[in-house]
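A.B. asks: Sequence and computational prediction follow.
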Amino acid sequence: MKYEVFGGNLPAVTMYPEVGESVFAQTGGMSWMSAEIDMSTNMEGGLKGGIGRLFSGESLFQVTYTATRQDQYITFGSSFPGNIVVLDVAKGPYICQKSAFLCAEMSVDLGAYVVEMKGLKGFATGLFGGEGFVLQEYAGTGFAFLEIDGSVREIDLAPGEKLKIDTGSVAAFEKTCKYSIDTVKGFKNIIFGGEGLFLTTLEGPGKVWLQTMSMPRFASKIAPFLPFKSKD
């Protein structure tokens, strides 16, 4: 399917489906579309599929958009300043942070990815890993579009190569990568380092997408400057 990503730091993607072709997005994700695009809100995959999306951070329902005439288009805009990353899902599967999903072709399977628990380390991954026990998994074929907060850096990890990352900076990675949480070493690093108790570790082989900003981090930075209204 043809598509165009535009908008600089406030990006959007316009998709150009052929007659009968469909794309899907979470509810409320569409910005504008041609008049001959049919919109259908549904629970794709039934209750099981809907619950899987719910646990992976998406809506219970999704919206399917289908072109009923030639030369139609539909645009989806990101909800936060950053970038749109295009995944060719046939080269995956990919594991992505919650809330990254913007839209995709119907041949893309969007589901939940449960982080494997191995004792306390697995528990720490879920409790302190920023995204919780459940991430998003993209499989199947076709293109999927992710909205990434801030600037994005793509890194190819060689087999056995490890990268330690602030948990909020992990946007997506190929499923071939190993994902784990390590404790920050050193008392002063924990107390004064500002990184918390844990860092995410990704081990290759595989491709990793990192983001320079996350919505929670952004919110924490501006929170002290927001007006506070007393309940009295």
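C.D. replies: Now that the structure is in, tell me what you want to look at.

A.B. asks: Confidence-wise, which helix or strand of the chain is lowest on average?
C.D. replies: In the chain, the helix or strand scored least confidently by mean pLDDT, DSSP states H and E is helix 187-192, which has a mean of 42.

A.B. asks: so after it, what's the next helix or strand?
C.D. replies: Counting by DSSP states H and E, the element after helix 187-192 in chain order, helix or strand, is strand 198-203.

A.B. asks: Parallel or antiparallel, list what pairs with that next one.
C.D. replies: Paired neighbours of strand 198-203 in the sheet (DSSP bridges): strand 162-165 (antiparallel), strand 178-183 (antiparallel).

A.B. asks: Pick the most deeply packed of these.
C.D. replies: Most buried of those, by mean neighbour count (mean count of other CB atoms under 10 Å): strand 178-183, with a mean of 17. Where C-beta positions appear, they are placed from N, C-alpha and C, glycine not excepted.

A.B. asks: So for that strand, mean pLDDT?
C.D. replies: The average of the pLDDT scores along strand 178-183 is 78.

A.B. asks: Contact partners for the residue nearest the centre of the chain?
C.D. replies: Nearest residue to the geometric centre of the chain (CA atoms, centre = their mean): residue 100, 2.1 Å. Under the criterion of CB atoms under 8 Å, 6 or more residues apart in numbering, the neighbours of residue 100 are 136, 146, 147, 148, 171, 172.

A.B. asks: Next one: residue 158 from residue 80, what distance?
C.D. replies: For residue 158, the distance to residue 80 equals 32 Å [CB to CB, to the nearest Å].

A.B. asks: out of those two, which sits in the busier spot?
C.D. replies: Neighbours per residue, other CB atoms under 10 Å: of residue 158 and residue 80, the larger number sits with residue 80, 14 against 9.

A.B. asks: got the contact list for the nearest residue to residue 140 once chain neighbours are set aside?
C.D. replies: In this structure, residue 140 finds its nearest non-sequential neighbour in residue 109, 4.1 Å apart by CB to CB, 6 or more residues apart in numbering. Residue 109 is in contact with 138, 139, 140, counting by CB under 8 Å, 6+ apart.

A.B. asks: which stretches of the chain aren't confidently modelled?
C.D. replies: Flagging of the chain using pLDDT under 70 yields the residue ranges 43-60, 115-133, 183-198, 214-223, 228-232.

A.B. asks: Let's see that with 50 instead.
C.D. replies: Applying pLDDT under 50 to the chain picks out residues 45-51, 55-56, 117-132, 186-196.

A.B. asks: all helices of it, in order?
C.D. replies: Using DSSP state H, the helices found in the chain span residues 46-55, 119-128, 187-192, 215-222.
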